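> Need the 3D shape of this:
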Amino acid sequence: MNPFTLLADGGVRQGEADLWCSYAAVRTLHWLGEKPARAGQVVDFLLSRQNADGGFAWQRGLPSDVWATYYCTQSLGDLGHQVPHAGLLADWLAQTRTRDGGFAMTPGQGADIWAAYYATRLYREVLRLPVPAVEELGGWLAAAQQPCGGLSWSPGGRGADVRAGYYGALAWRAAAGDAPVPWRAEALVEWLRDQQGPEGGFRFAPGSHPCAWAAFRAVRALDALDAAPREPDRLRGWLAARRLPDGGYERWAGYGSSDVWACFSVVGAYQTLGDRPEPADRARIAELVRSCQLPDSGFTYTDPGRAGDSLATAAATVLTALRPAPGPAVTGPLVRWLQQAHLPYEDGVMYMPGRGAEVRCTLWAIEALGAVGERVDTRRIGRWVRGLQNADGGFGYWLGRGSDLVSTVSAVEALAAAGLVPADRIDPAGALRFLADCRAGDRFRPVPGAEPTLAATAQAARVLALLGSAEEAAALGATLAAQAGPLGGFGPTSRGLPDLLTTYQVVLTQSVLGLPVDLDGLRRFLAKVRVGSGFAWSPLSRLPAGLLAGCLGEQLAALAASAAAPARLLRLNL
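Numbers count the residues shown, from 1 in each chain. Sure thing, here's the model as predicted:
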């Protein structure tokens, strides 16, 4: 019996609602003058993401970040609910300011333009506070302008993007009001206008394809710059053509399926153009968006019966590979779903179809498909990872996001898992420079300004090994065994309670580097986190944590039970 249920689209979904989809759904309904059918349940879902520091996290148990905090608090405001612990939130938000004048997604991380947008809007629209050091922020934003006139994701970044233009323009308006913009304004406006194609839609950058997300970001950016598209009526026609018979919108021509993010983008673009759907059309859009709410929770991106995600689907694929002869009736739909999540408009694998590609999801998809003898287009993977590298040498979760160690190891390992040589596809010296920024003695931090963790140290050792520093990697890996807890397994710190995620990272590193694994200690730990037919993230929990924990736990169990031919752990990071 499978520990998961195949959805109508052939994928598998994690049990909880998605924060990104919940924000888009609530915001779209708000623009339409509507509410979710079960608004109180959405409020409870959003509040469950708040941490003790006042910030909010993408999922419960994760650290606070500016992205999740903006989405949660903006959605709460749209639903007429006050944000709890606003004073704590303001104190936490102040820690995301960076020395160079920007804002980071989390304290201690490098600045990026996504974070600048979310932080400035949090200050002005949620907390009703002035944005600190506006002149410094203006200097940071000005340095993100490229010679072509468009904005990149941070100073020193490569290439301009419509989304970066949107985040920068709205960050400045939130911070400085009507003050003159810090860029060559005419050049920025013209570059944004140039992204409109002859069919009327907008693209993210030259060479990409028109989509609803780009259309919304472009017209909103132009509006913030007191400008408009060159051909607004042609854009209206392109947007109207994205309407589908179910009342929703598709993201691009030929996509053929409505989802929350496309509805958000089209309704937002119309609103910026001064238009509003007719009452009957508004009702149908609202009905479609409402249908995406999960019972007793927030939203997913489409009908919950066909709303798979790549992490859960990859985890299910790995679990089938661990079982003898799972059969094509199970593996076939999973494989097809993962391959179809490698959509034609971005070269990485998307967490959910219709949104941006994500580096951890790409790694999970490559490894899961490889476990059942399948693959994605590795040429596209190599091209995408190369373009993902930031100016500081590291990698972020998605294009333009600030660097962190888990994304950096995921990018490097995705290349290796795809059969490519990482050092040939990225700037290896840059990646090693970012690792050095994260170093703290013989330990490593998840981001340069954070506290060191054992998982980050293990991940750094694997990056070093893949980029040619084998001796340094082996020396670092040899320090890991001494950090084992008395219960077996490994925790974030030498005195921390062992947890499944850290244990997987350490044992994976030991296996990859050919170092001994304490199988007896591993068995003791697994006995503490096995709950029924699944696994918990921590020995303190008595409930199985779901598919992702099950995927990691079952692999560790297979390794602990192996004899002459040890099982190979897949390179999976969270």
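
> Counting neighbours, what do you get for residue 128?
8 (other C-beta atoms under 10 Å). Glycine gets a C-beta too; all of them are placed from N, C-alpha and C.

> per-residue confidence for it?
On the pLDDT scale, residue 128 is placed at 98.

> Help me confirm that it is found in a helix?
No. Going by DSSP: H, G, I helix; E, B strand; the rest coil, the assignment for residue 128 is coil, not a helix.

> Just read off the phi/psi values of it.
As for residue 128, its main-chain torsions (degrees, to the nearest 10) stand at phi 60, psi 40.

> Repeat that for residue 243.
Per-residue torsions, residue 243: phi -70, psi 140 (degrees, to the nearest 10).

> all helices for the stretch 51-200 of the chain, in order.
Using DSSP state H, counting those that start in this stretch, the helices of the stretch 51-200 of the chain run over 66-78, 86-94, 113-121, 134-142, 162-176, 185-194.

> Tell me which of the ones you listed is the most buried.
For these, ranked by mean neighbour count under the definition mean count of other C-beta atoms under 10 Å, the leader is helix 113-121 at a mean of 27.

> May I have it as PDB, with CA atoms only?
In PDB, the C-alpha atoms belonging to helix 113-121 read as follows (Å, rounded to 0.1, in the frame of the first residue of the first chain):
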ATOM      1  CA  ILE A 113      15.700  43.200  -4.800                       C
ATOM      2  CA  TRP A 114      12.900  40.800  -3.900                       C
ATOM      3  CA  ALA A 115      13.600  41.400  -0.200                       C
ATOM      4  CA  ALA A 116      13.900  45.200  -0.700                       C
ATOM      5  CA  TYR A 117      10.300  45.200  -2.200                       C
ATOM      6  CA  TYR A 118       8.800  43.000   0.600                       C
ATOM      7  CA  ALA A 119      10.600  44.900   3.400                       C
ATOM      8  CA  THR A 120       9.700  48.400   2.300                       C
ATOM      9  CA  ARG A 121       6.100  47.400   1.800                       C
END
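
> so residue 299 sits right up against residue 20, yeah?
No. Contact criterion C-beta atoms under 8 Å: residue 299 and residue 20 do not qualify, at 9.2 Å.

> Let me have the helices of the stretch 51-200 of the chain in CSV, extended by distance to residue 305 and mean pLDDT.
Output for the helices of the stretch 51-200 of the chain, formatted as CSV (distance: least, C-beta to C-beta, whole Å; pLDDT from 0 to 100):
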stretch, distance to residue 305, mean pLDDT
helix 66-78, 24, 98
helix 86-94, 36, 98
helix 113-121, 32, 98
helix 134-142, 43, 98
helix 162-176, 31, 98
helix 185-194, 39, 98
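
> Compare those and give me the one nearest residue 281.
helix 66-78 (20.6 Å; C-beta to C-beta).

> What helix or strand is residue 22 located in?
Assigned by DSSP states H and E, residue 22 belongs to helix 19-31.

> now that helix and helix 66-78, what's the angle there?
If you take axes from the mean of the first three to the mean of the last three C-alpha atoms, to 10 degrees, helix 19-31 sits at 30 degrees to helix 66-78.

> which parts of the helix or strand just after helix 19-31 are buried?
Per DSSP H and E, the first helix or strand lying C-terminal to helix 19-31 is helix 39-47. For helix 39-47, a neighbour-count test (16 or more other C-beta atoms under 10 Å) marks 39, 41, 42, 43, 45, 46 as buried.

> residues contacting the fourth one?
Think residue 43. Residue 43 makes contact with 76, 79, 81, according to C-beta atoms under 8 Å, 6 or more residues apart in numbering.

> In TSV: the buried residues of helix 39-47, plus distance to residue 531.
TSV is the format used below for those (distance: C-beta to C-beta, whole Å):
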residue	distance to residue 531
39	33
41	26
42	29
43	30
45	24
46	27
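
> rewinding a little: angle of the helix holding residue 22 against helix 39-47?
Using the same axes, to 10 degrees: helix 19-31 against helix 39-47 is 140 degrees.

> Only alpha carbons, please: show helix 19-31 as CSV.
Output in CSV follows, covering the C-alpha atoms of helix 19-31 (Å, rounded to 0.1, in the frame of the first residue of the first chain):
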residue,chain,number,x,y,z
LEU,A,19,1.5,30.2,1.3
TRP,A,20,2.3,31.6,-2.1
CYS,A,21,-1.0,30.4,-3.5
SER,A,22,-2.9,31.6,-0.5
TYR,A,23,-1.6,35.1,-0.9
ALA,A,24,-2.4,35.1,-4.6
ALA,A,25,-5.9,33.8,-4.0
VAL,A,26,-6.7,36.3,-1.2
ARG,A,27,-5.2,39.2,-3.1
THR,A,28,-7.1,38.4,-6.3
LEU,A,29,-10.4,38.1,-4.4
HIS,A,30,-9.7,41.4,-2.6
TRP,A,31,-9.2,43.1,-5.9
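
> which outside residues touch that helix?
Contacts to helix 19-31, defined as C-beta under 8 Å, 6+ apart, come from residues 35-36, 42, 45-46, 49, 58-59, 68, 71-72, 74-75, 78-79, 260-261, 263-264, 267-268, 271, 285-286, 289-290, 292-293, 298-301, 352, 355.

> what about burial for the residues you listed, which qualify?
35-36, 42, 45-46, 49, 58, 68, 71-72, 74-75, 78-79, 260-261, 263-264, 267-268, 271, 285-286, 289-290, 292-293, 298-301, 352, 355.

> rewinding a little: is it possible to get a markdown table of the helices of the stretch 51-200 of the chain that adds distance to residue 337?
A markdown table is the format used below for the helices of the stretch 51-200 of the chain (distance: least, C-beta to C-beta, whole Å):
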| stretch | distance to residue 337 |
| --- | --- |
| helix 66-78 | 26 |
| helix 86-94 | 37 |
| helix 113-121 | 28 |
| helix 134-142 | 40 |
| helix 162-176 | 26 |
| helix 185-194 | 35 |
